[in-house]
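Participant: model this:
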Amino acid sequence: MVTLHVILAVVATAASLVVIASAIWSAASGRRSGGRRDHRSAVDRAVLTVLGGALAAGLVGAVLLVTGSRPADALHFVYGPAAVIALPIAIWVGARGTRAGSSRVRRDVWTAGGGVVLLGIMLRLFATG
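Facilitator: This next block holds a predicted model:
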């Protein structure tokens, strides 16, 4: 069960790299086209993969906790939920633009930033074991 938890965490971590790359790609495309073209579908799929992996890892972690297995550091209980909410908060903040064109690029930039924060959180989760 611990192995499954780690595998899901690795998937979510790798997907956070994909979120960063696809959000930068989408923002660059949006900026070049004046906000008329972006790659939000790629970004959205990567975000869903991250969230799915993080939530699944959290559920497996909850099962491990109930069955008596605890992380080495109690900060794991803080960073776990933070990993799940980092991207949704970044996307929500980025989506609060006023003009349609600028809000797409802004959303992508905030998503990339949220991906960087998430990557840091995921690496810290590995450190807290």
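Participant: so what secondary structure elements neighbour the host helix or strand of Leu48?
Facilitator: Mapping Leu48 onto the secondary structure by DSSP states H and E places it in helix 40-66. Applying 3 or more CB pairs under 8 Å, 6 or more residues apart in numbering; DSSP states H and E, one finds that helix 40-66 contacts helix 2-32, helix 76-94, helix 100-128. Heads up, the C-betas are built off the backbone N, CA and C, glycines and all.
Participant: rerun at 6 Å
Facilitator: Judged by 3 or more CB pairs under 6 Å, 6 or more residues apart in numbering; DSSP states H and E, the packing partners of helix 40-66 are helix 2-32, helix 76-94.
Participant: Any buried residues in the last one, and which?
Facilitator: Neighbour-count burial for helix 76-94, with 16 or more other CB atoms under 10 Å as criterion, is recorded at His76, Tyr79, Gly80, Ala82, Ala83, Val84, Ala86, Leu87, Ala90, Ile91, Gly94.
Participant: For Ala42, see how far away the closest residue to Asp73 other than its chain neighbours is.
Facilitator: Spatially, and ignoring its direct neighbours in sequence, Asp73 is nearest to Thr128 (3.9 Å; CB to CB, 6 or more residues apart in numbering). Distance from Thr128 to Ala42, counting by CB to CB, to the nearest Å: 31 Å.
Participant: tell me the SS of Gly68?
Facilitator: coil (DSSP: H, G, I helix; E, B strand; the rest coil).
Participant: ok so, going back, got the angle between the helix holding Leu48 and helix 76-94?
Facilitator: Note on geometry: by axes from the mean of the first three to the mean of the last three CA atoms, to 10 degrees, helix 40-66 and helix 76-94 are set 160 degrees apart in direction.
Participant: Report the angle between helix 40-66 and helix 2-32.
Facilitator: Computed by the same axes, to 10 degrees, the angle separating helix 40-66 from helix 2-32 equals 160 degrees.
Participant: Quick check: which ranges of this protein have low pLDDT?
Facilitator: Along the chain, segments meeting pLDDT under 70 span 35-36, 97-102.
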